[in-house]
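Colleague: The following block contains a protein sequence and its predicted model.
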Amino acid sequence: MKRYYSFLILTLLFSRVSVAQHWEQLGKGSYELEGAPIRTVYADSSGHVYAGTGIMHENFTKGSFFKCTNTSIEEPKNFPYYGKSMVIEYIIGDAKSNMYVSGFYIQDTYRRGIQDVGLKCPFIIEYNGKTWKDILKPYTALQYAIIESICMDTNGNLYAAGGCFMKDFEYYVAKWDGKNWAPVMVDKKTLFIVGDSPRLCTGPDGTLYVADYAEGHPGWNVTKWDGKKRTALGDSTHTLDANGTIRSICCDTDGRVYVAGDFTNQHHKNYVAVWDGKNWSELGGENSLQANKEISVLCIDNKDNLYAAGNFTNKDNTCYVAHWDGKSWSELGGTNTLNANNPIMSICIDHYGNIYAAGHFSVAGRRRYIAVFRK
């Protein structure tokens, strides 16, 4: 009898663990975001989830900034550009619970043929838990350039890449000191001009990494900045030279750097490339992930589990979140448990290890939603 009860208890515990780990719709169907895709999702340390929507085409769909919980959705009316036609591209936060929202709004809109067009005015909004402040606005009066990427290091330093920081209209990486923006990666008094569509991340030691396609190079590469000098990851024989765009970059607790995008291996499969400090290689080995389309986003947790998503699909033509556990790739939650009917654009992880995904996928009627994988 004792053995029976012990077996029953273990079975119930196992069942509870199994049930706890699954994908579900945040809010359990109580709300959806109609229209534009969800470009970015972020979970703060208090359990609040934020989402930004919008579409990049000239014939734009009005984007919005949302605060979400398990039971409700709110569009903060005190957000500086509430009600404007805008696109939210990035939402990140720091250890002090400050949040930063990056994107652009459209002004001076006019009709050209069948399209609405206008000037794209970038912003980076800082939220300290009480007030919202555009920390970019004073520096963009003459320049209507999009912020391409933002990131934050472990010391709370905020970095951004774009054409809003110097009068020459070139794209640089700049650092926010709390009052001003100033270009970084200045080596021997030479400014570092960022190439096409740069992506940023920082390592555990504060090293800054920039993935871009610089003019004169055969492919996409990663440059690191240690505060004193710029160095390409890999010498002339070990550079990445990816044959397509790098869409996402991240770094683990040991300083390994991961990149992914629409570049492919010799088998024409998209893959995640990893820099181990000496060489670039395909994470998991050749053709281990076998992504059949672009990998748009990477995300890593504090245990160095890596998550990847994008346009790629499983054998049932369904988009999914791929999980690298340090040994092998798998579909997070099991085959078709997320069942995303369109591409995934963003992944984030909250304080408890729950994973959130959002993008173009939707329920009936193009109603977008945030999916959460409960740990």
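Modeller: That came in fine, so what should we check first? A quick note: this is a predicted structure, and the numbers were derived from the prediction, not measured.

Colleague: Any chance you could list what contacts stretch 244-255?
Modeller: 196-197, 199-205, 207, 209, 211-213, 220, 222, 257-264, 277, 294-300, 302, 304, 306, 310 (C-beta atoms under 8 Å, 6 or more residues apart in numbering). For glycine as for every other residue, the C-beta is placed from the backbone atoms N, C-alpha and C.

Colleague: Surely residue 355 and residue 322 touch.
Modeller: No: Residue 355 lies out of contact with residue 322 (C-beta atoms under 8 Å); the separation is 11.8 Å.

Colleague: any shared contact partners between these two?
Modeller: Taking C-beta under 8 Å, 6+ apart as the criterion, residue 355 and residue 322 both touch 307, 332.

Colleague: so of the contacts of stretch 244-255, which ones are in strands?
Modeller: 196-197, 199-202, 209, 211-213, 222, 257-261, 295-300, 306, 310 (DSSP state E).

Colleague: Can you say which of the residues you listed are buried?
Modeller: 197, 199-202, 209, 211-213, 222, 257-261, 295-300, 306, 310 (16 or more other C-beta atoms under 10 Å).

Colleague: any idea how far residue 308 lies from residue 260?
Modeller: Applying C-beta to C-beta, to the nearest Å, the value for residue 308 to residue 260 is 6 Å.

Colleague: Also residue 221?
Modeller: 14 Å.

Colleague: How about the contacts made by residue 337?
Modeller: Shown in contact with residue 337 (C-beta under 8 Å, 6+ apart): 22, 23, 331.

Colleague: So among those residues, where is pLDDT lowest?
Modeller: Least confident entry in the contacts of residue 337, by pLDDT: residue 22, with 86.

Colleague: Confirm for me that residue 165 is in contact with residue 176.
Modeller: No: Residue 165 sits out of contact with residue 176 when judged by C-beta under 8 Å, with a separation of 10.2 Å.

Colleague: Which one of these two is surrounded by more residues?
Modeller: A count of neighbours by other C-beta atoms under 10 Å puts residue 165 above the other of residue 165 and residue 176, at 26 against 20.

Colleague: Apart from its chain neighbours, what residue comes closest to the more buried one?
Modeller: residue 174 (4.3 Å; C-beta to C-beta, 6 or more residues apart in numbering).
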